[in-house]
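Colleague: Dropping the sequence and predicted coords here.
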Amino acid sequence: MFIIMLFMATAFLIQLVLGYFQIRNFAKTYVELRRKGKVAIGRRPGKFRAGTIVLFAVNNKGDILDVKKLQGITVFAKFKKLQGFENENILSINSSDLNHFNKLVRVAIEDAIKNYKIIMNGGEIPEKMSAYRRIITKAENLLMAKK
């Protein structure tokens, strides 16, 4: 029993340390892009597949200065340059421009564009519900429907 608990504690500590390095990598990349201009962030969280984060550095007119993506299942994933958006405006990107990307990257790019539009129009990005909160909300809705 002690060996199992020791193994679990060690695995937790390793995950904590590796997660710290991934967050540090995100912060470093964000700051690097923020120095160039505004940063539009799009994400496609992974549950059982690779998660994807896309960061667009844009100027005041919405022209894309740089794009980085992070895609992977593990904490070892690193940001890499994403090609194909040089000299484009973030608002001029449409879904047909994204056909050569995989679905996860397309969804993250579309999310970044949507978030950019919301912020530039003075809105706030709605917070996405956690899996736990979605389950509770569905249960509450079912109980209300039965009344």
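Modeller: The structure has been received and is ready for your questions. Just so it is clear, the structure is predicted and the values come from calculations on it, not from any experiment.

Colleague: low-confidence ranges in the chain?
Modeller: 47, 147 (pLDDT under 70).

Colleague: how about the strands in it?
Modeller: Taking DSSP state E, the strands of the chain run over residues 38-44, 51-58, 64-72, 79-81.

Colleague: Excluding residues flanking it in the chain, which one is nearest the residue positioned nearest the centre of the chain?
Modeller: Most central in the chain under C-alpha atoms, centre = their mean is R43, positioned 2.5 Å from the mean C-alpha point. Residue nearest to R43 in three dimensions, not counting chain neighbours: I53, with 4.9 Å by C-beta to C-beta, 6 or more residues apart in numbering. Where you see a C-beta, it was placed from the backbone N, CA and C, and this is true even at glycine.

Colleague: these two touch, right, the one you found and A108?
Modeller: Yes: look at I53 against A108 with C-beta atoms under 8 Å: they come within range, at 6.4 Å.

Colleague: Just want to know which of these two has more residues nearby.
Modeller: A108 (25 against 22; other C-beta atoms under 10 Å).

Colleague: Surely that one touches A50?
Modeller: No: the pair A108 / A50 is not scored as a contact, 10.6 Å apart, by C-beta under 8 Å.

Colleague: In this protein, what residue spans correspond to helices?
Modeller: For the chain, the helices defined by DSSP state H occupy 2-34, 103-120, 131-146.

Colleague: Let me know which of those helices is tucked in deepest.
Modeller: helix 103-120 (a mean of 18; mean count of other C-beta atoms under 10 Å).

Colleague: Many thanks, have a good one.
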